[in-house]
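Participant: When you get a sec, could you give me coordinates for this:
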Amino acid sequence: MKALPGVLVAGAAALAALGLHTLLPVVPLLTASVLLGMVVGQLPAFQRLAAGVLKPGLGMSAKRFMRIGVVLLGLKLSLVDIAGLGWVTLATTVAIVVVTFFVTLWLGRRLGLTGPEPLLIATGFSICGASAIGAMSGVVKAKDEEQATPVALVTLCGTLAIFVLPALRGPLGLSDEQFGHWVGASVHDVGQVVATAQIAGTSALAIAVVVKLTRVVLLAPMVAAAATIERRRLLAVSAGAGAQVDADGAATAARPPIVPLFVAGFIAAVLVRTLLPVPELVLDVADGVQTALLAMALFALGAAIRVRTLVTTGWRALVVGLVSWLLIAVLALGAVHLA
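Facilitator: Numbering: from 1, shown residues only. This is a model prediction of the structure:
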């Protein structure tokens, strides 16, 4: 019951974001949710409530609802559709994600970003935006305030992409299909991909969504790898601190599972969609629930962002985000011409 006020506020915010999206279809629902959270999060009265009566519910929305939404996201993915892209497109898509991830992570650490921030920015920009940031945060136990800057940056760049990429389509001489491929391989959030690609028609939109969801598939191995690294780090810390060791020689200190439960759920959802004839009604309901949960989660994360702090101390993170955005756009454009 303690979580109820915060959950109700997040739900009301998701409905408000839906209203904004309905009035301005160019603004994706999940982007609107983050932006709405960022706006109300600057109000002193809301900040006091967020630190008090709303805190349990907003925390539940940002963490638990995000993880459930990621699991349901798996029902959007069919491995058959992904295989239909061809091996060149698949290989270049995987390469783009991996290169963007590690270059962004390296740059973030070189510029002095601390804690999980470099990892979260790298995950968000290379895979699937704020949803990926929330998934990775669950593994590295990032606090809401540590997620705030990465979420703000990936929302900013993804929103800019909605306007910048269509403007470049003509000068770059891209066909509808090439434009859809470029959008799917470079834009962060699924909603932002749809908003950007639909400008070029249905064929561009179809390709963009499949390429984008191929990137989403890589969320599972990336998060699982991060969980393994974090597990080893905690084992090393525990051993160094003289933690008790069981008969197998493993430290008894708490540590994350090799594959987090929600990641296993995501993989299971992908396999269900691929192997079983899931009724269209079930997919539609799951899509609606997933969108609602992610909208609530992203509002809660947006509400944790403090714009003044971001402007005064977040310039290094801003540089990392902009470089990562430019990198993935350039790599994706090169992949378009290889396909």
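Participant: So which bits of stretch 141-156 are buried?
Facilitator: Neighbour-count burial for stretch 141-156 flags 142, 144, 146-156 (criterion: 16 or more other Cβ atoms under 10 Å). C-betas here are computed from N, CA, C, even on glycine.
Participant: out of those residues, which are inside strands?
Facilitator: Counting by DSSP state E, the buried residues of stretch 141-156 place none of their members in strands.
Participant: Distance to Asp189 and pLDDT added to these, as JSON lines?
Facilitator: As requested, the buried residues of stretch 141-156 are exported to JSON lines (distance: Cβ to Cβ, whole Å; pLDDT from 0 to 100):
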{"residue": "Ala142", "distance to Asp189": "19", "pLDDT": "84"}
{"residue": "Asp144", "distance to Asp189": "19", "pLDDT": "76"}
{"residue": "Glu146", "distance to Asp189": "20", "pLDDT": "85"}
{"residue": "Gln147", "distance to Asp189": "15", "pLDDT": "86"}
{"residue": "Ala148", "distance to Asp189": "16", "pLDDT": "82"}
{"residue": "Thr149", "distance to Asp189": "17", "pLDDT": "87"}
{"residue": "Pro150", "distance to Asp189": "13", "pLDDT": "91"}
{"residue": "Val151", "distance to Asp189": "11", "pLDDT": "87"}
{"residue": "Ala152", "distance to Asp189": "13", "pLDDT": "87"}
{"residue": "Leu153", "distance to Asp189": "12", "pLDDT": "90"}
{"residue": "Val154", "distance to Asp189": "7", "pLDDT": "90"}
{"residue": "Thr155", "distance to Asp189": "8", "pLDDT": "86"}
{"residue": "Leu156", "distance to Asp189": "12", "pLDDT": "86"}
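Participant: in this protein, which segments are predicted with low confidence?
Facilitator: When residues are selected by pLDDT under 70, those of the chain lie in 233-234, 237-260, 312-313.
Participant: one step back: just flag the most distant two among the buried residues of stretch 141-156.
Facilitator: Across the buried residues of stretch 141-156, the longest distance by Cβ to Cβ is 19.2 Å; it joins Ala142 and Leu156.
Participant: before we move on, back to that, keep only those of the buried residues of stretch 141-156 that are in helices.
Facilitator: Residues from those lying in helices, with DSSP state H as the criterion: Asp144, Glu146, Gln147, Ala148, Thr149, Pro150, Val151, Ala152, Leu153, Val154, Thr155, Leu156.
Participant: how about the residues you listed in CSV, adding distance to Val320?
Facilitator: Formatted as CSV, those follow (distance: Cβ to Cβ, whole Å):
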residue, distance to Val320
Asp144, 20
Glu146, 15
Gln147, 15
Ala148, 15
Thr149, 10
Pro150, 9
Val151, 14
Ala152, 12
Leu153, 8
Val154, 11
Thr155, 15
Leu156, 12
